[in-house]
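Colleague: missing the sequence, but the structure's below:
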């Protein structure tokens with residue numbers, strides 16, 4: 001696994017370094033004509049470069065722009081943000097929905113993806129805030145930041161970016177992201193809407209935003225873990241009832257010792273699970289090939305070893321679309337009050353939830 005990661009990161013260093021050599025500031029100079037490791041003609045036009053968001057500090061955000069393979073002059077423009085906070089949006093580019101497939105072995109050549117969202121959308125992958133990925137500042141104080149500043153910088157980025165690419169101003173524009181971008185995306189969207197109301201130029205054709213597996217706030221997210229674990233059959237009805245009684249619905253930073261004791265049992269049962277997909281193995285180097293089933297020495301999590309031994313055979317499979325997550329889960333006010341104000345307007349909001357993920361970052 002580490003060999004694969006190192007190979008991919010080595011590729012990215014070469015790839016980004018190469019693309020930087022090809023760019024200056026204007027789109028005609030930002031064209032990426034060759035990607036190391038990819039043979040043949042690129043699936044669509046690619047551009048890369050920096051946008052200055054603070055001239056005094058020399059703060060610059062790095063972007064990689066992939067045009068739609070279908071109809072770039074008409075297809076939506078989507079700004080993509082990964083979470084963390086502190087994750088490069090190249091995570092999305094490499095692992096999730098970018099234009100290329102990277103082999104599991106980390107070997108070259110890379111190939112064009114047949115399932116990329118770049119097939120139907122123009123995607124801007126941007127590293128944010130400054131200090132993440134290839135984005136940087138000439139003033140080190142900018143590396144200590146906050147979500148409100150990140151939103152302001154990204155709004156500035158968008159205004160400056162569309163000045164470089166004015167031919168896409170009429171395209172439908174969306175903001176999307178996952179995980180901690182559940183904070184970034186609505187806050188940035190709110191700044192965009194305020195800017196439109198204030199008459200900021202250029203005027204963005206903003207249509208809405210999408211959040212996948214988004215962070216809401218610590219309390220809301222923290223209190224969801226126990227009901228989720230029970231709904232997925234990872235903890236017993238008995239333990240769930242005990243926790244409900246002792247914790248009274250407050251599972252996040254409880255000061256009740258009896259509640260904390262029960263929550264520790266939950267932690268023990270969930271230890272070793274793949275927090276991003278509980279139905280998939282958790283890869284720990286070579287150990288992933290040594291999984292032993294049906295024995296007391298199994299290195300699978302206890303909750304998985306007991307599947308089929310409870311009153312609910314294979315509860316993960318049979319109940320995963322039941323109580324795992326309510327379809328109309330309310331979005332509570334935390335440090336993203338912009339959700340409510342945006343929902344009252346004309347902005348289209350899409351929130352997706354992966355039903356097999358324990359935590360989001």
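Modeller: All right, it came through fine. The model shown is predicted, which means the values in this text are computed figures rather than measured ones. Numbering: from 1, shown residues only.

Colleague: and residue 247, how far is that from residue 261?
Modeller: Shown here: residue 247 relative to residue 261, a distance of 10 Å by C-beta to C-beta, to the nearest Å. Every C-beta, even on glycine, is put in place using the N, C-alpha and C of the backbone.

Colleague: the more surrounded of these two?
Modeller: residue 247 (19 against 12; other C-beta atoms under 10 Å).

Colleague: and the more buried one, what does it touch?
Modeller: Applying C-beta atoms under 8 Å, 6 or more residues apart in numbering, we find residue 247 in contact with 226, 254, 256, 259, 262-263.

Colleague: can you do 10 Å?
Modeller: Contact partners of residue 247, counting by C-beta atoms under 10 Å, 6 or more residues apart in numbering, are 223, 226, 254, 256, 258-260, 262-263.

Colleague: between those residues, which sits nearest residue 107?
Modeller: Among the contacts of residue 247, residue 226 lies closest to residue 107 (C-beta to C-beta), at 42.7 Å.

Colleague: which element is that closest one on?
Modeller: helix 225-231 (DSSP states H and E).

Colleague: in stretch 91-110, what counts as buried?
Modeller: 91-94, 97-100, 102, 110 (16 or more other C-beta atoms under 10 Å).

Colleague: need the pLDDT of residue 82.
Modeller: With respect to pLDDT, residue 82 has a value of 92.

Colleague: make that residue 286, sorry
Modeller: For residue 286, the model assigns a pLDDT of 47.

Colleague: where's residue 210 relative to residue 186, distance?
Modeller: Distance from residue 210 to residue 186, by C-beta to C-beta: 10 Å.

Colleague: looking at the two, which is more packed in?
Modeller: Between residue 210 and residue 186, residue 186 has the larger neighbour count (other C-beta under 10 Å), namely 29 against 19.

Colleague: mind giving me the packing neighbours of the helix or strand where that one lies?
Modeller: Assigned by DSSP H and E, residue 186 falls within helix 181-198. Counting contacts by 3 or more C-beta pairs under 10 Å, 6 or more residues apart in numbering; DSSP states H and E, helix 181-198 packs against strand 77-81, helix 147-164, strand 173-178, strand 206-212, helix 338-343, strand 348-352.

Colleague: give me that answer again for 6 Å
Modeller: helix 147-164, strand 173-178, strand 206-212, helix 338-343 (3 or more C-beta pairs under 6 Å, 6 or more residues apart in numbering; DSSP states H and E).

Colleague: please consider this matter closed, and thank you.
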